[in-house]
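Colleague: Show me how the following folds:
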Amino acid sequence: DLQLRQTEAREHADLQLADLQKLTGIPPGQPFFESSLSVNSIPVYEKIDSALSVRAGRSRGRTHFPLAIDITPTETTITFQLWYDASRVTDYAAARLFEHFETLLAAIVEAPERQLRLLPVSNENERKKIEGWSRIERPYEADQTITALIARRVAQTPNAVAVVHEGKTLSYDELDRRSN
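Modeller: Here you go, the predicted model:
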């Protein structure tokens, strides 16, 4: 039924992708899409095993997208393949994305009736880590905006480390300059 509706909808799609790209103002040579999600042939099966098993593997497939996910169901399994351009996506980022995808799929299997917006993408360890970062261990002036608090910190200690990400640091002064 889904494939039939999609086929019928395409009958009325008379704007080619190249024309659509021109209408958006995207310069020639710049990609229109940065990622691809492809669901291949969705046959209807009487019974799909609800057990979830995700295995990492390597594929020699190629895509012109920086990031692509292919989903292929069979009678007994559903295969998820993740391809990425290593010059644009790190191995670490790709692995994290796949882990988030695995967490989401496991949550769907556990509670298929749950609303999509309520499904987790972070695993329990990540959620605990984020909660730990979010804990406020000392009082602050609740009537001040974050911008005002950072501006005060820039004035007090401009060279102190404000942000650390992937081994790189930004001082409060650098953070302030970049944000303006």
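Colleague: Quick check: closest non-adjacent residue to residue 80.
Modeller: Spatial nearest neighbour of residue 80, chain neighbours left out: residue 71 (5.6 Å); criterion: C-beta to C-beta, 6 or more residues apart in numbering. From N, CA and C alone the C-beta is placed, and that goes for glycine too.
Colleague: That neighbour: what's it in contact with?
Modeller: Residue 71 sits next to 37-40, 78-80 when contact means C-beta atoms under 8 Å, 6 or more residues apart in numbering.
Colleague: Mind telling me what element residue 170 is part of?
Modeller: strand 168-171 (DSSP states H and E).
Colleague: What is the following helix or strand past that strand packed up against?
Modeller: Next helix or strand after strand 168-171 toward the C-terminus (DSSP H and E): helix 172-179. Helix 172-179 is packed against helix 146-156, strand 161-165, with contacts defined by 3 or more C-beta pairs under 8 Å, 6 or more residues apart in numbering; DSSP states H and E.
Colleague: which outside residues touch the strand holding residue 170?
Modeller: With C-beta under 8 Å, 6+ apart as the contact definition, strand 168-171 has outside contacts at 158-163, 178.
Colleague: List the buried residues of the lengthiest helix in the chain.
Modeller: Scanning the chain for the longest helix, with DSSP state H as the assignment, gives helix 91-110. Buried residues in helix 91-110, counted by 16 or more other C-beta atoms under 10 Å: 94, 97-99, 102-103, 107.
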